[in-house]
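Q: Got a predicted model here, sequence first, then my questions.
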Amino acid sequence: MFRRPFHLYRSQNPWREIDRMQREMGRLFDEFAYTPRSRMAPSFPAINVWTNEDGAVVTAELPGVNPEDIDISVVGETLKLTGSRRPEELEEGAKYHRRERGFGNFTRTFQLPFTVEADNVEAVFDKGVLHISLPRAEAEKPRKIAVKAA
Amino acid sequence: MANENSTLQTQDVEKQEVEVAEGTERTRPGRAYVPRADIYETEEALVLLADMPGVDQNTLDITLEKNVLSIRGLVETQNPDNYNLAYAEYEVGDYERNFTLSDGIDTDNISASIKNGVLQINLPKAGPAKARKINVSAA
């Protein structure tokens, strides 16, 4: 491989390289952090939680659930997701050959790391996937504090 | 009929990854899952239902080759912009599954639809042993 003369390395900001390595390491650990814990998930549905400083997005896969059968409630820092997946209505005389899809009621409650602006919670159900966006209460958002000179 | 008040458990819906045949590799990045499926039979048809959240009619591919029905659903990962994944219980991936059909299916009239992430394929039964007569033309 082609190597640059040493002085070219020296001319670069040495922090840049450390920065890059740190990012690499971070990415490596993130991959561990992203390993799903579905095997430990206590119940249906499995969820993913995305966060930033403005709030969170919770997603869940709910195939075959009617949007009107999903109930979302938010109180303070708590998000409650309830609903039911109805069994298929079969016509008389029909019989199952194979049955792998579950049905029934579900309830899950999550504690979020911040108070939610309950009025601005939005939920979209598309292709069997639920997206709930939970904005953080304005009063709780991190604020930059200016330091005054004495 | 099972009790309607039963509670859904994770094992009823947990995703199962597709097992790739030994020595082969997937060409698409990401994972692929086997969709959970129900098959029931009515007087006129067999009905196949498969859970494929994230798939719609545009990303769905159903093919019938000989008597193997292949279902493939491609799922584009839609990560929310400017958000970081903080906690994950499931992963997003494509769906793949094959079914072998018996002879009694009218393969010309198979129809499919997808709603709320559930694929439904209707496999009409062939008429009562319609013997097909093959005319032999004189050479």
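A: Here it is on my side, so go on.
Q: and the residue of chain A nearest chain B?
A: Per Cβ to the nearest Cβ, residue A:128 is where chain A lies closest to chain B, at 1.9 Å. In this view, the C-beta of every residue, glycine as well, is placed from N, C-alpha and C.
Q: where exactly do the helices run in chain B?
A: With DSSP state H as the criterion, chain B has helices at B:10-13.
Q: for it, what are the low-confidence residue spans?
A: For chain B, applying pLDDT under 70 flags the ranges B:1-14, B:20-26, B:128-132.
Q: So which residue is smack in the middle of it?
A: Residue closest to the average C-alpha location in chain B (Cα atoms, centre = their mean): residue B:71, at 4.3 Å.
Q: contacting residues for it?
A: When contacts are counted by Cβ atoms under 8 Å, 6 or more residues apart in numbering or on different chains, residue B:71 is found next to B:35, B:50, B:52, B:60-62, B:95-99, B:119, B:121.
Q: swap in residue B:94?
A: By Cβ under 8 Å, 6+ apart, the residues touching residue B:94 are B:28, B:30-33, B:72-75.
Q: Tell me the spacing between the closest residue to it other than its chain neighbours and residue B:91.
A: In space, and not counting its chain neighbours, residue B:94 is closest to residue B:32: 4.5 Å by Cβ to Cβ, 6 or more residues apart in numbering or on different chains. Note on residue B:32: its distance to residue B:91, by Cβ to Cβ, to the nearest Å, is 11 Å.
Q: Kindly export stretch B:84-102 (C-alpha atoms) in CSV.
A: The C-alpha coordinates for stretch B:84-102 follow below in CSV (Å, rounded to 0.1, in the frame of the first residue of the first chain):
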residue,chain,number,x,y,z
ASN,B,84,-30.8,7.5,17.9
LEU,B,85,-31.9,4.0,18.7
ALA,B,86,-32.0,3.8,22.5
TYR,B,87,-33.7,0.5,23.1
ALA,B,88,-34.5,-2.3,20.7
GLU,B,89,-36.6,-5.4,21.0
TYR,B,90,-37.0,-6.3,17.4
GLU,B,91,-35.1,-5.9,14.2
VAL,B,92,-36.4,-5.0,10.8
GLY,B,93,-35.7,-7.2,7.8
ASP,B,94,-37.1,-8.8,4.7
TYR,B,95,-39.5,-11.7,4.7
GLU,B,96,-39.0,-14.9,2.7
ARG,B,97,-40.9,-18.2,2.7
ASN,B,98,-41.8,-20.9,0.4
PHE,B,99,-44.8,-23.2,0.3
THR,B,100,-45.4,-26.3,-1.7
LEU,B,101,-48.8,-26.6,-3.2
SER,B,102,-50.7,-29.7,-3.7
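Q: buried sites along that stretch?
A: B:85, B:87-97, B:99, B:101 (16 or more other Cβ atoms under 10 Å in any protein chain shown).
Q: now stretch B:73-80
A: Neighbour counts using 16+ other Cβ under 10 Å place B:73-75, B:80 of stretch B:73-80 among the buried residues.
Q: What about those, which are in strands?
A: Counted as lying in strands by DSSP state E, out of the buried residues of stretch B:73-80, are residue B:73.
Q: Which of the buried residues of stretch B:73-80 sits closest to chain A?
A: Closest approach to chain A among those (Cβ to the nearest Cβ): residue B:80, at 4.5 Å.
Q: ok, the closest one - contacts?
A: Counting by Cβ under 8 Å, 6+ apart, residue B:80 makes contact with A:50, A:57, A:131, A:133.
Q: hmm, try it at 7 Å
A: Contact analysis of residue B:80 by Cβ atoms under 7 Å, 6 or more residues apart in numbering or on different chains lists A:50, A:57.
Q: Now the spatially most central residue of chain A. Nearest residue, chain neighbours left out?
A: Closest to where the C-alpha atoms of chain A average out (Cα atoms, centre = their mean) is residue A:49, at 1.8 Å. Counting by Cβ to Cβ, 6+ apart, residue B:87 is the residue found nearest to residue A:49 once chain neighbours are left out, at 4.2 Å.
Q: in chain A, which spans are helices?
A: Taking DSSP H as the criterion, chain A carries its helices at A:6-11, A:14-33.
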